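In: here's a sequence, model it:
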Amino acid sequence: MADTLSTRPAVTADTLTAFSEAFDSRDANGLMEFMTEDCVFDAAGGSGGAPEAACLT
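Out: Purely as a prediction, here's the structure:
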């Protein structure tokens with residue numbers, strides 16, 4: 001697994017637009033393109049804490 005704490009890709013307006021479009025269209029696979037293997041997504045309703053495979057079902 002890559003070291004995701006010290007390696008951060010640049011965030012651009014295009015990146016934010018692509019993330020927002022995937023989120024708004026409920027494209028789980030598109031959103032996963034922006035996540036690392038060890039990502040935990042904390043939503044306003046609380047932490048899902050589920051592994052990637054559970055998020056895509």
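In: extract the CA atoms of stretch 20-35 and return them as CSV.
Out: Below are the C-alpha coordinates for stretch 20-35, written out as CSV (Å, rounded to 0.1, in the frame of the first residue of the first chain):
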residue,chain,number,x,y,z
SER,A,20,-18.3,16.7,-7.3
GLU,A,21,-19.7,15.4,-10.6
ALA,A,22,-19.1,11.8,-9.5
PHE,A,23,-20.7,12.5,-6.1
ASP,A,24,-23.7,14.3,-7.5
SER,A,25,-24.4,11.5,-10.0
ARG,A,26,-24.0,8.9,-7.3
ASP,A,27,-21.2,7.3,-9.3
ALA,A,28,-19.5,5.1,-6.6
ASN,A,29,-16.9,3.7,-9.0
GLY,A,30,-16.0,7.2,-10.1
LEU,A,31,-15.7,8.4,-6.5
MET,A,32,-13.4,5.4,-5.7
GLU,A,33,-10.9,6.8,-8.2
PHE,A,34,-10.3,9.6,-5.7
MET,A,35,-9.9,7.3,-2.7
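In: ok, and for it, which residues are buried?
Out: 22, 31 (16 or more other Cβ atoms under 10 Å). C-betas here are computed from N, CA, C, even on glycine.
In: tell me the helix or strand right after the helix ranked longest in the chain.
Out: Longest helix in the chain by number of residues, with DSSP state H as the criterion: helix 13-24. As assigned by DSSP states H and E, the chain's next helix or strand after helix 13-24 is helix 28-32.
In: please name every helix or strand in contact with that next one.
Out: Counting by 3 or more Cβ pairs under 8 Å, 6 or more residues apart in numbering; DSSP states H and E, the packing neighbours recorded for helix 28-32 are helix 13-24, helix 52-55.
In: if we can go back for a sec, what's the longest helix of the chain in contact with?
Out: Here helix 13-24 makes contact (Cβ atoms under 8 Å, 6 or more residues apart in numbering) with 27, 30-31, 33-34.
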